[in-house]
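A.B. asks: got a sequence here, can you model it:
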Amino acid sequence: MDTLEGQKAADFNLEGTDKQRHSLIDYAGRTVVLYFYPKDNTPGCSKEACTFRDLHAEYLQQDVVLLGVSKDSLASHDRFIEKFDLPFVLLSDPDTEMMKVYGAFGEKTMYGKKVMGTIRSTVIIGPDGTIVKHWPKVKKAETHPHEVLEYLRGRQA
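C.D. replies: Numbers count the residues shown, from 1 in each chain. Model prediction:
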């Protein structure tokens, strides 16, 4: 997928693990990191979530809202949060509508075969609602949260 950088971020309305509905408008004036991941409790997704967890205090220092998004159910998300003590909200997009708009669901290659599925990716949405950074395909799940934080720090400098 081409980069979404510079585009107005698409609104969404999804239920989160905090039992609230979340829309982009709820975060007007704030920086939002949306990270899209394939599946709760899988090795790469667990490593990524735990690294975001370990860095969460630093994200808060940057005044950033961090939201994880997958097509998993809220019940699955709740188990994932409990197992790894995740301090941020996970959003459920079972129909993948939001993920498709953000380029996080579509054709990808797994084990040499073309399949439809979630594409691990991340967007940073600036306070004005514009996408300021887009990683259309995250290569290393475990180190990616550090990369996102470094980008945010660079914007603050």
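
A.B. asks: how many residues are close by the residue nearest to Asp85 when sequence neighbours are not counted?
C.D. replies: Excluding the flanking residues, the one nearest Asp85 by C-beta to C-beta, 6 or more residues apart in numbering is Arg53, at 6.8 Å. All C-beta atoms are positioned from the backbone trio N, CA, C, and that covers glycine. By other C-beta atoms under 10 Å, 17 other residues sit near Arg53.

A.B. asks: residue contacts, the spatially most central residue of the chain?
C.D. replies: With distances taken as C-alpha atoms, centre = their mean, the residue of the chain nearest its centroid is Tyr35 (1.3 Å). When contacts are counted by C-beta atoms under 8 Å, 6 or more residues apart in numbering, Tyr35 touches Glu48, Phe52, Leu66, Leu67, Gly68, Val69, Ser121, Thr122, His144, Pro145, Val148.

A.B. asks: can you tell me which of those are in strands?
C.D. replies: Secondary structure from DSSP state E places Leu66, Leu67, Gly68, Val69, Ser121, Thr122 of these in strands.

A.B. asks: which two of those residues have the greatest separation?
C.D. replies: Leu66 and Ser121 (14.7 Å; C-beta to C-beta).
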